[in-house]
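>>> Following is a predicted model, sequence given first.
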Amino acid sequence: MLWSLIKILLFVAVVAGLTIGAGYIMETGPGVTVSVGTLEFNLGPLQAVLAVLALLAIVWLGFKIVGLLVAFLKFLLGDETAISRYFDRNRERKGYRLMVDAFMALAAGEGKQAISKAAKAEKFLQDSQVAKVITAEAAQLTGEHKKAEEAYKALLVRDDTRFVGIRGIMKQRLADGDTDTALALAQQAYALRPRHEEVQDTLLKLQAEHRDWSGARKTLGTKLKTGTLPRDVHRRRDAVLAVSEAKDILDSGKSIEAREAAIEANKLSPDLVPASIMAAHGLIEKGKPRQAARVLKKTWEVNPHPELAVAFAEIVPDEDPKARLKRFGDLVKIQPDHPETKMLMAELNIAAEDFPAARRAIGDLASTDPTARALSIMAAVERGEGADDAVVRGWLARAVTAPRGPQWVCDKCHSTEPTWVPVCSNCGGFDTLAWQELPKSELTIPTGSEMLPLIVGETEAEAAPKVVEPEGESADAQADMADVEISATEEPLVDEKSKA
């Protein structure tokens, strides 16, 4: 408002001044006489004003012409001028148009055309880092790895593009299988941008592959702080790294440090079977069997596993089979209907030579979930109860062709591992192993294995009458029964002393 008022007042003042000036000129006399040599010019007041204005216009035009000549000379000498700026703006417009074309070609998957457009754009745009990035990505798309690496290396000289160059070379090294160099580059990229999620994941994976558990735990902590990993997943994976670190410490002979690390891993993730087993072993060494049993029971409640039963048996290694069967009652009552519990109770009863109880313990598992271990247990039960050899062979034949049951299976590539490992040996996935059955194929190829039970013997006891052997031959029957494998686990639940 105030500025508008001031402008109005200035306009009125200028008009008033021009009016007063014009009136003064009109009153000064008949005119103005201008002498140029022998020539004289008599000008009236108005003509004099026009002449002065024309003279000023000529002078202004002269200055402009001189300035243009000076600018042209500077342009020829290479100095920045309005003319050079005009040509620069024209070059920039062409460069940006080519850059857009290169982006579109790259998005369309036309790598060759993207490289060509980016090269032309780089000529118009001096020191264009964007053109180098397009060239590198397009060369990577077309398989020109050397050209891509040269473009990425050109980005390392500037601080604002250094991360892009390191990340590009890192991905190339990963594609080539050079994980050592890729790990060093991932650490440099992580130092530049620790919040970058892809770099975090790559660094964590490489650290796990190189067994750098301490560094991997730090990277995992950064993922939690930056919000790229949920807290529950962080606790689980931190426990995986902690138990892996404990195993390495144990291999180096530092049992006390390994024991403490295993106990820490179990606290982080009580449902992690390897952590629970290592923690139980550490507590047993410390003379705390009750705490070891409590740890194993807590994990059994979430995930019944045969290795947990093995660790539970190691709490009292020298007990007789009947005492062990009684002590295991506290463990098996946690998940009484779980298949692992049924097979465990059957094995314990077989070790105690109570075969009817073993049959009752396993129930109908051989028909509802016929795994190799369940069928082997049924073969042992039949042998212990004095069934014909044909019946026993029938159960064992079915066990040969039956599924193995739950295993350590990678969720990513579905390969199996004999024991739990933090990193899948097939695909390199971190924390991808789970205790589960392999997914069944929808298409089953017929083989001769289905006829094997019919060839070697029948599995139903009523198909052939049982032969009750005399009491004098019970020792031979027990000796034959010892040849039957009754457990699919690598470590037997019952040691040789208890069997004897």
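Cool, the structure landed.
>>> So for stretch 346-355, what gets flagged as buried?
For stretch 346-355, a neighbour-count test (16 or more other CB atoms under 10 Å) marks 346-352, 354-355 as buried. All C-beta atoms are positioned from the backbone trio N, CA, C, and that covers glycine.
>>> Quick check: end-to-end length of that stretch?
8 Å (CA to CA, to the nearest Å).
>>> Can I get stretch 59-66 as CSV, trimmed to CA atoms?
What follows is stretch 59-66, C-alpha atoms only, in CSV (Å, rounded to 0.1, in the frame of the first residue of the first chain):
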residue,chain,number,x,y,z
VAL,A,59,25.6,8.4,-28.3
TRP,A,60,23.8,5.5,-26.7
LEU,A,61,23.8,3.5,-30.0
GLY,A,62,27.5,4.3,-30.4
PHE,A,63,28.3,2.8,-26.9
LYS,A,64,26.3,-0.3,-27.8
ILE,A,65,28.2,-0.8,-31.0
VAL,A,66,31.5,-0.4,-29.3
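>>> What mean pLDDT does it get?
For stretch 59-66, the mean per-residue pLDDT is 87.
>>> For residue 12, what are phi and psi?
Dihedral angles of residue 12 (phi, psi; degrees, to the nearest 10) stand at phi -60, psi -40.
>>> Residue 407 too?
Phi and psi for residue 407, reported as degrees, to the nearest 10, are phi -140, psi 170.
>>> same check, this time on residue 338
Main-chain torsions, residue 338, degrees, to the nearest 10: phi -80, psi 140.
>>> all strands for the stretch 151-300 of the chain, in order.
Using DSSP state E, counting those that start in this stretch, no strands are assigned anywhere in the stretch 151-300 of the chain.
>>> pLDDT below threshold where in it?
Residue ranges of the stretch 151-300 of the chain with pLDDT under 70: 250-255, 259.
>>> Tell me the one of the buried residues of stretch 346-355 nearest residue 98?
Closest approach between the buried residues of stretch 346-355 and residue 98, by CB to CB: residue 347, at 74.8 Å.
>>> shouldn't that closest one be in contact with residue 377?
Yes: contact criterion CB atoms under 8 Å: residue 347 and residue 377 qualify, at 6.5 Å.
>>> Looking at the buried residues of stretch 346-355, which are in helices?
346-351, 355 (DSSP state H).
>>> Closest to residue 124 out of the residues you listed?
Lowest distance from residue 124 to those (CB to CB) belongs to residue 347, with 78.9 Å.
>>> how far away is the closest one from residue 276?
Distance from residue 347 to residue 276, counting by CB to CB, to the nearest Å: 20 Å.
>>> Dihedrals phi and psi, the residue lying closest to residue 371 once chain neighbours are set aside?
In space, and not counting its chain neighbours, residue 371 is closest to residue 405: 3.5 Å by CB to CB, 6 or more residues apart in numbering. Note on residue 405: backbone dihedrals following degrees, to the nearest 10 are phi 90, psi -160.
>>> Report how many residues lie close to residue 405.
Neighbours of residue 405 under the rule other CB atoms under 10 Å: 19.
>>> How about the one 10 residues further on?
As a burial measure, residue 415 scores 16 neighbours (other CB under 10 Å).
>>> That one - nearest residue in space that isn't next to it in sequence?
Nearest non-adjacent residue to residue 415, counting by CB to CB, 6+ apart: residue 426, 4.0 Å away.
>>> so what's that neighbour up against?
By CB atoms under 8 Å, 6 or more residues apart in numbering, residue 426 lies in contact with 410, 413, 415.
>>> how close does residue 312 get to residue 157?
62 Å.
>>> Of those two, which one has the most company?
Relative neighbour count places residue 312 above the other of residue 312 and residue 157, with 25 against 10, counting by other CB under 10 Å.
>>> How confident was the prediction at the more buried one?
Reported pLDDT for residue 312: 93.
>>> That one is in what secondary structure piece?
helix 306-313 (DSSP states H and E).
>>> Give the full set of residues in contact with the nearest residue to residue 160 once chain neighbours are set aside.
Sequence neighbours aside, residue 129 is the residue nearest to residue 160 in space, at 7.6 Å (criterion: CB to CB, 6+ apart). Under the criterion of CB under 8 Å, 6+ apart, the contact list for residue 129 reads 155, 158, 160-161.
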